[in-house]
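>>> Prediction below, plus the sequence it came from.
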Amino acid sequence: MSAVLELAEVSVRRGQASLLDRVSWVVREGERWVLLGANGAGKTTLMQIAGAQLHPTSGAVGLLGELLGTVDIFELRPRIGVSSAAIAEQIPRDETVRDLVLTASYAVLGRWRESYDGVDHERADALLREVGVAGLADRTYGTLSEGERKRVQIARALMTDPELLLLDEPAAGLDLGGREDLVSTLSVLAYDPLSPATVLVSHHVEEIPPGFTHVLMLRDGRVVVQGPLEETLTAEALSATFGMPLVLEHHDGRYAARRKQHHRG
Ligand SMILES: Nc1ncnc2c1ncn2[C@@H]1O[C@H](COP(=O)(O)OP(=O)(O)OP(=O)(O)O)[C@@H](O)[C@H]1O
């Protein structure tokens, strides 16, 4: 499988602060990665590099067969689907759900299209079905619940048929039921061989959808471990990533973690 994203010794520095420190990472076609780390670990910074939104201070980034810095990023960006809080903030509340998904290419390309043809409409409706909100196509975005909004954001990120899908904390702010529904939807996407290579950012192992294949764990801008999910996501690695002793459970393809209790006596 060919590499969709390839980072070699990537560092991002701002003054004295090291946001990313010599990160090397390869994401290949068909892979579904979870990016885990505590607040401030550097996850969003890494997603900005992967989305061609940010250049590293040092190191090399290969993205969709191109070398970042030698290619027009405005040609690369439409090939990458991104869902993040920063993008969600810019979504107009009074637009209908169907139009929001339809206009994804406009949002990415910064280019206005007067009309969308039948194929676009069919694709938007199919994506809304796939993420489980087909019945909401005619509602305005502002009237949706947070969970419904997250699904629409994912449909919008998929509209341009991207080769790489970046989901930055899609479950943030959801209640338990909303999270579980979203995890199921992301699991369906993960198992679909037609889905693009995917990177999902999270703070919680409970949010890892079955079907995800790899994990990269970050702490203070450095990779703690990375590799195939089942062998890499261990209590030891998780404890090192979050800086406290943790117990990890794995049942029916789902993970759960909690702090290790001290036993007296
Ligand atoms: N311009 C900057 N100058 C200095 N430090 C910065 C700058 N931008 C970000 N940082 C710091 O870099 C670190 C990594 O930030 P980043 O947003 O990538 O973390 P994160 O893992 O996504 O965190 P969270 O889970 O809280 O969203 C943070 O400590 C942040 O305060």
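Okay, I see it. Numbering: from 1, shown residues only.
>>> Got phi/psi on Asp220?
phi 50, psi 40 (degrees, to the nearest 10).
>>> Quick check: it touching Ala41?
Yes: using Cβ atoms under 8 Å, Asp220 is in contact with Ala41, at 6.6 Å. Just so you know, the C-beta spots here come from the backbone N, C-alpha and C atoms, and that holds for glycine as well.
>>> Low-confidence ranges, the stretch 1-150 of the chain, go.
Applying pLDDT under 70 to the stretch 1-150 of the chain flags residues 1, 105-116.
>>> helix or strand for Asn39, which one?
Taking DSSP states H and E as the definition, one finds Asn39 inside no helix or strand.
>>> burial of the closest residue to it other than its chain neighbours, as a residue count?
Once flanking residues are discounted, Asn39 sits nearest to His203: 7.2 Å by Cβ to Cβ, 6 or more residues apart in numbering. Using other Cβ atoms under 10 Å, His203 has 16 neighbouring residues.
>>> got it, and Ala86?
12.
>>> ok, Asp220 and Ala41, which is more surrounded?
Ala41 (24 against 15).
>>> who does the residue lying closest to that one once chain neighbours are set aside bridge with?
Spatially, and ignoring its direct neighbours in sequence, Ala41 is nearest to Leu218 (4.3 Å; Cβ to Cβ, 6+ apart). Leu218 has these beta-bridge partners by DSSP bridges: Gly37, Val223.
>>> I'd like to know how many residues surround Leu218.
The burial count for Leu218: 26, using other Cβ under 10 Å.
>>> contacting residues around it?
23, 35-37, 41-43, 46, 224, 241 (Cβ atoms under 8 Å, 6 or more residues apart in numbering).
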